[in-house]
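A.B. asks: Build the 3D model from these lines:
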Amino acid sequence: MGDFLEMRKITKLFGDNIVLKDVDFSVNKGQVHALVGENGAGKSTLMKILAGVHVANSGEIYIDGNRVEINNPKEAQELGISMIYQETRLFPDLNVAENIFIRREPLKNKGGLRLIDWDKVYSETAKYLDYFGLKINAKASVNTLSLGQQKFVEIIRALSRNARIIIMDEPTAAFTEQEIELLFNVIQDMKKLGIAIIYISHRLNEVKRIAEKVTVLRDGEVIETYEVSDVDLHKIIKAMAGKEICDRYPKLKIRHGKELLRVNNLSYEGRIRNISFSLKEGEILGITGLSGSGRRTLAKVLFGINRPYEGEIMLNGRIFKDMDTNKAIENGLCYVTGIGTDEGLILNAPVTENITIANLKRISKFGFLNKEEEVLKAKDLIERLEIGANAYDIASNLSGGNQKKVIFAKWLFTNAKVLIIDEPTAGIDVSSKVDIYNIMNELLLSGASIMMISSDFSEILGMCDRILVMYNGEISKVFEKGEATQEKILYYASGGRDSV
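C.D. replies: Purely as a prediction, here's the structure:
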């Protein structure tokens with residue numbers, strides 16, 4: 001007898017481009033089957049076929065031994081298939097319960113009218129939240145929740161629709177360590193309910209922990225399917241890349257130069273308080289902490305998005321008591337976002353325009369844009385950063401790793417010397433991460449400095465010269481190179497303090 005879900009010989013073309021070729025994939029009830037591969041390997045396309053977003057050119061899908069046709073998302077949902085996308089798909093102005101039951105609200109009769117039974121909406125939501133141990137208020141507005149909490153709401157919504165197969169696409173890309181542990185507990189509970197789970201992730205340590213099987217895709221084809229208990233990470237990485245990845249964190253030892261940034265007693269609306277630190281040429285300063293610690297608020301204050309603030313920012317020796325984004329860019333400070341590419345890119349614009357948009361003065365004369373020079377400058381950065389695209393490709397068509405490289409190229413074009421890099425490698429594959437780290441090394445060699453915000457403690461430990469741990473809007477600990485461990489970071493990120 002076959003597995004609960006079987007996808008057989010799935011082939012998909014976009015135009016003349018074959019993105020999937022004769023792919024076989026299966027998962028059983030109560031099982032986690034991980035799907036891994038580099039960006040552009042075909043993982044999301046395969047799962048979007050299962051979710052009804054795309055239709056395969058050929059191949060067959062079987063559920064519980066019966067062949068099924070899936071031509072749209074509605075048909076997929078009716079078959080009990082739900083996909084949790086990397087970017088949340090909730091209504092931010094509605095509350096948790098409203099998002100879970102939207103367009104499926106239970107009704108009751110009252111005075112001859114069919115009205116929404118709000119008591120049932122909230123009680124059913126509370127039952128799901130309690131069952132999975134989620135401390136989320138059913139009446140809380142979604143826009144007040146962390147990214148991790150929003151992801152849990154999407155999982156509850158899928159379960160409330162009687163999902164039998166749940167696809168998770170990079171579920172922990174913006175999670176804190178605590179949220180990852182909570183997700184794994186939720187997954188274990190889902191397995192007990194007999195739900196089949198397909199887990200797409202670039203975080204291979206997570207795959208080893210949570211999955212029973214792992215399938216590697218490369219260039220649209222299945223390279224191998226392994227029992228997770230029988231394979232090591234090195235073998236998976238080699239299968240993904242088709243080559244050896246020698247050093248996951250290729251941090252160069254670079255001599256630190258003059259101070260480029262100093263922050264003194266920076267505070268903003270109680271969300272960050274009395275933050276002080278400095279940053280030198282050639283240095284990577286790591287900023288980490290759990291969700292709500294103030295990491296991203298700090299970045300947005302420094303870049304002039306969140307204002308007014310208290311305290312002072314000293315950039316290249318000049319004191320700013322009222323920083324704004326124009327002043328930041330003019331003085332060589334930039335903010336490279338990584339959580340959602342829509343924050344850093346114009347997705348419907350070509351690569352060229354995305355690269356030059358932040359510094360049009362550089363390619364303009366007397367108010368007129370020199371298009372020829374724009375393309376030449378963009379092509380230079382495309383080649384320099386090894387972006388897998390041409391100057392005229394639309395940004396939305398690029399892989400996640402290449403989109404992030406375009407964001408880096410944009411700020412390189414401004415000649416920025418202080419880069420605030422927010423979750424630089426969230427949701428991208430192992431070799432693309434190494435590419436990003438090497439871009440960071442190149443920036444350091446050119447005399448820049450980097451403030452790297454990351455929830456990935458391994459990345460922080462591997463790439464940073466110093467580490468600031470934040471908790472509840474304050475710096476709870478500063479680690480010099482070699483002093484920190486993941487356990488120590490988590491201790492201070494959770495509110496731990498040095499013993500007196």
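A.B. asks: C-alpha only now, for contacts and for neighbours.
C.D. replies: Noted.
A.B. asks: and the gap between residue 162 and residue 193?
C.D. replies: The spacing between residue 162 and residue 193, counted by CA to CA, to the nearest Å, is 11 Å.
A.B. asks: Which of these two has more residues huddled nearby?
C.D. replies: Neighbours of residue 162 and residue 193, each counted by other CA atoms under 10 Å, are more numerous for residue 162; the result is 16 against 12.
A.B. asks: And the pLDDT for the residue lying closest to the more buried one once chain neighbours are set aside?
C.D. replies: What sits nearest to residue 162 in space, not counting adjacent residues and going by CA to CA, 6 or more residues apart in numbering, is residue 80, at 6.2 Å. In this model, residue 80 is scored at 95, pLDDT.
A.B. asks: Ok, residue 247 next?
C.D. replies: Reported pLDDT for residue 247: 68.
A.B. asks: Kindly report the same for the one 5 residues further on.
C.D. replies: With respect to pLDDT, residue 252 has a value of 84.
A.B. asks: In contact with it: list those residues for me.
C.D. replies: Contacts for residue 252 (CA atoms under 8 Å, 6 or more residues apart in numbering) come out as residue 441.
A.B. asks: ditto for the one 10 residues further on
C.D. replies: Contacts for residue 262 were tallied using CA under 8 Å, 6+ apart; they are 276-279, 313-315.
A.B. asks: ditto for residue 36
C.D. replies: 43, 200-202, 214-217, 240.
A.B. asks: Now flag whichever of the residues you listed is closest to residue 426.
C.D. replies: residue 202 (8.9 Å; CA to CA).
A.B. asks: The closest one touches residue 429, doesn't it?
C.D. replies: Yes: Residue 202 lies in contact with residue 429 (CA atoms under 8 Å); the separation is 5.1 Å.
A.B. asks: what's the overlap in contacts for the two?
C.D. replies: Counting by CA under 8 Å, 6+ apart, the contacts common to residue 202 and residue 429 are 37-38.
A.B. asks: Let me see the domain layout of the chain.
C.D. replies: Per the record, the chain has its domains at 1-80+164-244, 88-154, 259-493, by automatic domain parsing.
A.B. asks: what about those domains, which gets the closest to residue 251?
C.D. replies: domain 259-493 (5.4 Å).
A.B. asks: average model confidence for that closest one?
C.D. replies: Here the average pLDDT along domain 259-493 is 89.
A.B. asks: Tell me how far that domain lies from the chain's centre.
C.D. replies: 15 Å (CA atoms, centre = their mean, to the nearest Å).
A.B. asks: Show the end-to-end separation of it, please.
C.D. replies: For domain 259-493, the first-to-last residue distance is 27 Å (CA to CA).
A.B. asks: cool, and stretch 265-274?
C.D. replies: 4 Å.
A.B. asks: now the helices for the stretch 251-400 of the chain?
C.D. replies: Along the stretch 251-400 of the chain, counting by DSSP state H, counting those that start in this stretch, helices occupy 295-302, 325-330, 341-344, 351-356, 371-384, 400-412.
A.B. asks: scratch that, the stretch 51-200 of the chain
C.D. replies: Counting by DSSP H, counting those that start in this stretch, the stretch 51-200 of the chain has helices at residues 73-78, 96-101, 118-131, 147-160, 177-192.
A.B. asks: Buried deepest among the ones you listed, which one?
C.D. replies: Neighbour counts (mean count of other CA atoms under 10 Å) averaged over each of the helices of the stretch 51-200 of the chain peak at helix 96-101, with a mean of 24.
A.B. asks: Return the distance of that helix from the chain's centre.
C.D. replies: 24 Å.
A.B. asks: contacting residues around that helix?
C.D. replies: Around helix 96-101, the neighbours that count as contacts under CA under 8 Å, 6+ apart are 90-91, 121-122, 125, 137-142, 153-154, 156-157, 160.
A.B. asks: okay, the domains of the chain in TSV with distance to residue 252 next?
C.D. replies: Putting the domains of the chain into TSV (distance: least, CA to CA, whole Å) gives the following:
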stretch	distance to residue 252
domain 1-80+164-244	20
domain 88-154	32
domain 259-493	6
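A.B. asks: Among these, which comes closest to residue 250?
C.D. replies: domain 259-493 (6.8 Å).
A.B. asks: still on that earlier bit, ok, the contacts of residue 262 vs residue 402, which is closest?
C.D. replies: residue 279 (27.9 Å).
A.B. asks: what about residue 432, which helix or strand?
C.D. replies: helix 430-445 (DSSP states H and E).
A.B. asks: Report the buried residues of that helix.
C.D. replies: Residues of helix 430-445 classed as buried: 430-441, 443-445 (neighbour count, 16 or more other CA atoms under 10 Å).
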